[in-house]
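Asker: structure for this input, please:
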Amino acid sequence: MRANKEITLGLYLARAGYHEGAWRDPSVPTDGGIDIDHYVALARLAENAAFHFIFIADHQGIIDDHAVLSRVSRSEGFEPITLLSALSSRTRDIGLVATATTTYYQPYHLARLFASLDHLSKGRAAWNIVTSAMTPEAQNFGEERLPDHDKRYARANEFVEIVKGLWDTWQDDAFVRNKDTGIYADTAKLHVLNHRGDYFSVRGPLNIARPPQGYPVLVQAGASNAGIAFAAEVAEVVFTAEPWLYNGKRFYANLKQRARALGRDDDQLLIMPGIVPIVGKTKQEASEKLQKLRSDTHIDVQIGAADLWLGSVTDLRSIDLDTLVPETLPQTNAIQSRQKLLIDLAARQKFTWRQLIQFISDSKGHLMVVGTPEEIADAMIETFDQQAADGFNVLSATAPGGLKEFVELVVPELRRRGRFRSKYSGQTLRENLGLERPANRFTHGSLGHH
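Answerer: Have a look, this model is predicted:
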């Protein structure tokens, strides 16, 4: 049994909420995607409830097809690091997780951006490391199609190593800034990376002091074979989709065991599946909220979402939606783990295409709990106690409405049962998550390798 009985909580910050129909909800601001005050209000709701972090997902471009584009709200929104930089000055304690792709950035750019965010926020930055998984992203960067799935991960591995090396450019006490002697920086404590690898050649050094956290917290969200190997080695927080307790326990045990085999401690890798809570004073009231969201979601939008998450390998607009979903689909070069999860789920539930499309539109494959605060707390605690999660990324179906209900009704229930904290425990995100601050590789007896 783990020592800590408290659940870790992140808020997935979606401009309108996680449900496809959320933007039509009366509580949701119509221009929330580009309204900084809307994001500030959401971040403060989460911070006042002592959430560990806010999490921003991202793609490099518009990923919806034209039939869907006119009916979804996600094609207007801020670039994550820009947004979190703004939020860093209007929040004090909450962690700031930005998604950034290793496929279409350069390591030097990202090392500098995240070091800056960590300094701006006084040690609250985290990087959600992804490889781009949607073809329209490739076409914004001079490519017709994405690089092969495993090749994207090989590149990501090298990318992360370089970024960490750049963050180690300066030792923690390299900047002496002594006006009397005229010495600003002790260059004996400066280290040039001189990286030459399969994908990148990066000299360094980085033109900013080492981040307050050493490295911003490293978050990862892939669960394919390549994704799990990458997470076991690199990730400190893993965001996963797991609607089944049995599968969640298996994923959790497998990932922890693989990290242990690499010499890592269990508590230095937090597994945080997504949860979509729809809260009602009664189960009936919660169900009615879900029905309303469904009725606000056009069938084209539902099909479009299903097509994306199933990897764009079938033409869903031309099949009979009342036939059973087949047991296999062609393998995708997009998000392989999510495609497999959804197809396995459809087989287990004997879903028709219409039922699967509905399920994806509601939750994208995450655990969805529609019920009273007690029922939602029960589901979270069971998942935690059965060792299928160290915490959750809360995907509120609507924002701010759904988030307010979670904060006002579910959080107090978790606290009553001794399962969630009431205040921040540390200064930095690492301290709040119980993660160690990494030593600088150049001062750690490994000078010979560089």
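Asker: so where is the stretch 1-150 of the chain shaky, pLDDT-wise?
Answerer: Along the stretch 1-150 of the chain, the parts satisfying pLDDT under 70 run over 1-3, 32, 59, 61-66, 69-71, 73-75.
Asker: ranges for the strands of it?
Answerer: Secondary structure of the stretch 1-150 of the chain (DSSP state E, counting those that start in this stretch): strands located at 8-12, 53-56, 95-101, 125-130.
Asker: what would those look like in TSV with distance to residue 41 and mean neighbour count?
Answerer: For every residue, glycine as well, the C-beta is placed using N, CA and C. Formatted as TSV, the strands of the stretch 1-150 of the chain follow (distance: least, CB to CB, whole Å; neighbours: other CB atoms under 10 Å):
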stretch	distance to residue 41	mean neighbour count
strand 8-12	12	25
strand 53-56	12	26
strand 95-101	16	25
strand 125-130	21	26
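Asker: mind putting these in JSON lines, distance to residue 299 included?
Answerer: Output for the strands of the stretch 1-150 of the chain, formatted as JSON lines (distance: least, CB to CB, whole Å):
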{"stretch": "strand 8-12", "distance to residue 299": "25"}
{"stretch": "strand 53-56", "distance to residue 299": "29"}
{"stretch": "strand 95-101", "distance to residue 299": "29"}
{"stretch": "strand 125-130", "distance to residue 299": "29"}
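Asker: of the ones you listed, give the one that comes closest to residue 241.
Answerer: When the strands of the stretch 1-150 of the chain are compared by CB to CB, strand 8-12 sits nearest residue 241, at 11.4 Å.
Asker: neighbouring strands - and their directions - for that closest one?
Answerer: Paired strands of strand 8-12, with direction, are strand 53-56 (parallel), strand 391-394 (parallel) (DSSP bridges).
Asker: could I get these as a markdown table with distance to residue 325?
Answerer: Formatted as a markdown table, the strands paired with strand 8-12 follow (distance: least, CB to CB, whole Å):
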| stretch | distance to residue 325 |
| --- | --- |
| strand 53-56 | 30 |
| strand 391-394 | 27 |
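Asker: out of those strands, nearest to residue 311?
Answerer: Proximity of those to residue 311 was assessed by CB to CB; the nearest stretch is strand 391-394, lying at 21.9 Å.
Asker: dump the closest one to PDB, keeping only the CA atoms.
Answerer: C-alpha atoms of strand 391-394 as PDB (Å, rounded to 0.1, in the frame of the first residue of the first chain):
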ATOM      1  CA  GLY A 391      -4.600  10.900  -9.100                       C
ATOM      2  CA  PHE A 392      -6.800  12.300 -11.900                       C
ATOM      3  CA  ASN A 393      -6.900  14.900 -14.600                       C
ATOM      4  CA  VAL A 394     -10.400  16.300 -14.200                       C
END
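Asker: right, and the helix or strand after it?
Answerer: Where DSSP states H and E defines the elements, the next helix or strand beyond strand 391-394 is helix 401-405.
Asker: then the next helix or strand after that next one to CSV, C-alphas only?
Answerer: Remark: after helix 401-405, the chain's next helix or strand is helix 411-416, criterion DSSP H and E. Taking Å, rounded to 0.1, in the frame of the first residue of the first chain, the C-alpha atoms of helix 411-416 are listed here in CSV:
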residue,chain,number,x,y,z
VAL,A,411,-13.9,18.2,-3.6
PRO,A,412,-15.4,18.6,-0.1
GLU,A,413,-16.6,15.0,-0.3
LEU,A,414,-13.0,13.8,-1.0
ARG,A,415,-11.7,16.0,1.8
ARG,A,416,-14.3,14.6,4.2
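Asker: residue boundaries of the helices in the stretch 201-350 of the chain?
Answerer: For the stretch 201-350 of the chain, helices defined by DSSP state H, counting those that start in this stretch occupy the ranges 225-234, 245-261, 283-295, 299-309, 336-349.
Asker: kindly present these as CSV, with separate columns for mean pLDDT.
Answerer: Shown next, in CSV, are the helices of the stretch 201-350 of the chain (pLDDT from 0 to 100):
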stretch, mean pLDDT
helix 225-234, 90
helix 245-261, 94
helix 283-295, 94
helix 299-309, 80
helix 336-349, 81
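Asker: can you redo those as TSV with distance to residue 142 and mean neighbour count?
Answerer: Below are these laid out as TSV (distance: least, CB to CB, whole Å; neighbours: other CB under 10 Å):
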stretch	distance to residue 142	mean neighbour count
helix 225-234	24	20
helix 245-261	35	16
helix 283-295	39	15
helix 299-309	23	20
helix 336-349	24	18
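Asker: Throw those helices into a markdown table and include distance to residue 403, thanks.
Answerer: Output for the helices of the stretch 201-350 of the chain, formatted as a markdown table (distance: least, CB to CB, whole Å):
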| stretch | distance to residue 403 |
| --- | --- |
| helix 225-234 | 27 |
| helix 245-261 | 23 |
| helix 283-295 | 13 |
| helix 299-309 | 21 |
| helix 336-349 | 24 |
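Asker: would you tell me which of those gets closest to residue 147?
Answerer: Nearest of these to residue 147, taken as CB to CB: helix 225-234 at 12.2 Å.
Asker: list the helices and strands that closest one packs on?
Answerer: helix 149-167, strand 217-220, helix 245-261 (3 or more CB pairs under 8 Å, 6 or more residues apart in numbering; DSSP states H and E).
Asker: what angle separates it from helix 336-349?
Answerer: Orientation of helix 225-234 against helix 336-349 (axes from the mean of the first three to the mean of the last three CA atoms, to 10 degrees) gives an angle of 120 degrees.
Asker: hmm, who's touching helix 225-234?
Answerer: When contacts are defined by CB atoms under 8 Å, 6 or more residues apart in numbering, helix 225-234 is touched by residues 129, 149-150, 153, 156-157, 160, 218, 220-223, 238, 254-255, 258-259, 261-262, 264, 269, 337.
Asker: and the biggest strand by length in the chain, what's its mean pLDDT?
Answerer: Ranked by residue count, the top strand of the chain under DSSP state E comes out as strand 270-279. For strand 270-279, the mean per-residue pLDDT is 96.
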